[in-house]
Each structure stands twice: as structure tokens, then as C-alpha cells.
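Asker: need a 3D model of the sequence below.
(chains A and B)
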Amino acid sequence: DVKVTQSSRYLVKRTGEKVFLECVQDMDHENMFWYRQDPGLGLRLIYFSYDVKMKEKGDIPEGYSVSREKKERFSLILESASTNQTSMYLCASTLIAGGNNEQFFGPGTRLTVL
Amino acid sequence: QKEVEQNSGPLSVPEGAIASLNCTYSDRGSQSFFWYRQYSGKSPELIMFIYSNGDKEDGRFTAQLNKASQYVSLLIRDSQPSDSATYLCAVNRDSGYALNFGKGTSLLVTP
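Answerer: Numbering: from 1, shown residues only, chains lettered A, B, ... in the order given. Just a heads-up that it's a prediction; the model follows:
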């Protein structure tokens, strides 16, 4: 079974702190994604990566950066956390096989910024 | 921004009935369509994907795709209380493998 893990289930940080959210997948997937999910707004794509050291902006990249130094690991960085970044953060990965780009999700990190 | 639209619900159906969930999308060039289920406090999990016009069946679930009308639906037969969840429709983006998600439809199956 594909396994996508995230470093924390719950995280509480202070405004202005630098925050690192880690995501690791164990199935050699090329593509990895970071979303945030908020009530009434659904899943919104922050950043994604097609390969090591490659990244693409999603729909809401402002205030975030990412790092992909190894194929299995994709990190989301909040350079200076703000209260409006309080959200559920979901990481996903996908292997393209036969045109099926099913995304497998990690358990999520609920981040609260005080 | 390409749109994926779903009725937020809640959609309430009695146990044993057919639940019908609908989704429309704006990008006529979309090729891949996915239905995810998300229980409260959990992450989304894939139920079905569909690429071709018509119906695709998997157990109690049937996905229906009509590309001309830009419409995809999910039917759940013999609905069970355990089917109560939010159902997310997702469509591939033109940038390749990323997906656009709808905001989800909340389904409640009552005993």
C-alpha cells in the first residue's frame, strides 16, 4: 500500500515563526502536492513538484515556499506564519501509470497560528 | 481558474436508497475525473476515477461522465450510514497531473 506520512498531526505556532511541514511518501512517486483545506473553500493547491528540485506554484503560493531535495520528501515552509495560515494542510503524491493520476493523501496537519 | 462545482448539501437519503452526487466542470479539455470520499477529520480517499463517456461501475458505486455536458456524477446504491461523508469531485488540470477539486457535497445516510 502507498503510504504518505506527514510529520505532525497537530501543530501550534506563534505569529512570525518559521514553520516546516514535512511530507514523505514511500512509493517512489514523481509528483507531490501541498494543499490547504478550509471550511467553505475546499482543497486549494499551494505548490506541487514534478521531480527533485523542481517546483511549480499552485493557486495560493503567497506566504509559502517548498523544498524537494529528495524524491520521497516534499516540505512546505511558512516563512513567517500568520493567523490566516491557520488551516488543515494536506500532502499528496501520485504516480502516473496508464494515465491514472490518482493522488494519495497523507493524514493532514492541523496548524494553528496564534 | 478552472472551476469544479458541486452542491454543498447536505444531501440526506434514507438507508438503502440511491444517493446521487453531481459535479460540473468548466474546462472542456479535461480528461480525467475522480471521486474522493472524506470522513470528518480524515484525509480524502479515492473511490473511483473515470476517463471515458458513459458509466463505470465498482460495487455499489457508479460514476457517470458526459463530456459534452461537462458533467460527472456518482451514484451510490443501497446507501449505508457508513457512506455518510463529504464527497469531493476532482478534475485534472491542464498543467498535467495536478487536480482541481470541488468544494464537496456532504452526504448523510439516515438509518
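
Asker: can you check the pLDDT for the nearest residue to residue B:7 once chain neighbours are set aside?
Answerer: Closest residue in space to residue B:7, ignoring its immediate chain neighbours: residue B:105 at 5.6 Å, by C-beta to C-beta, 6 or more residues apart in numbering or on different chains. Just so you know, the C-beta spots here come from the backbone N, C-alpha and C atoms, and that holds for glycine as well. Here the pLDDT value assigned to residue B:105 is 96.

Asker: hmm, residue B:105 is touching residue B:83, no?
Answerer: No. Residue B:105 sits out of contact with residue B:83 when judged by C-beta atoms under 8 Å, with a separation of 12.0 Å.

Asker: these two: which has the busier surroundings?
Answerer: Per other C-beta atoms under 10 Å in any protein chain shown, whichever of residue B:105 and residue B:83 has more neighbours is residue B:105, with 22 against 18.

Asker: report the beta-bridge partners for that one.
Answerer: When assigned by DSSP bridges, residue B:105 has beta-bridge partners residue B:87.

Asker: quick one: contacts for it?
Answerer: B:6-9, B:11, B:21-22, B:86-87 (C-beta atoms under 8 Å, 6 or more residues apart in numbering or on different chains).

Asker: go again with 10 Å.
Answerer: By C-beta atoms under 10 Å, 6 or more residues apart in numbering or on different chains, the contact list for residue B:105 reads B:6-11, B:19-23, B:74, B:85-89.

Asker: and it, how close does it get to residue A:49?
Answerer: 30 Å (C-beta to C-beta, to the nearest Å).

Asker: repeat for residue B:34
Answerer: In terms of C-beta to C-beta, residue B:34 sits 20 Å off from residue A:49.

Asker: does residue B:23 really touch residue B:36, like I thought?
Answerer: No. Applying C-beta atoms under 10 Å, one finds residue B:23 not in contact with residue B:36, separated by 11.2 Å.
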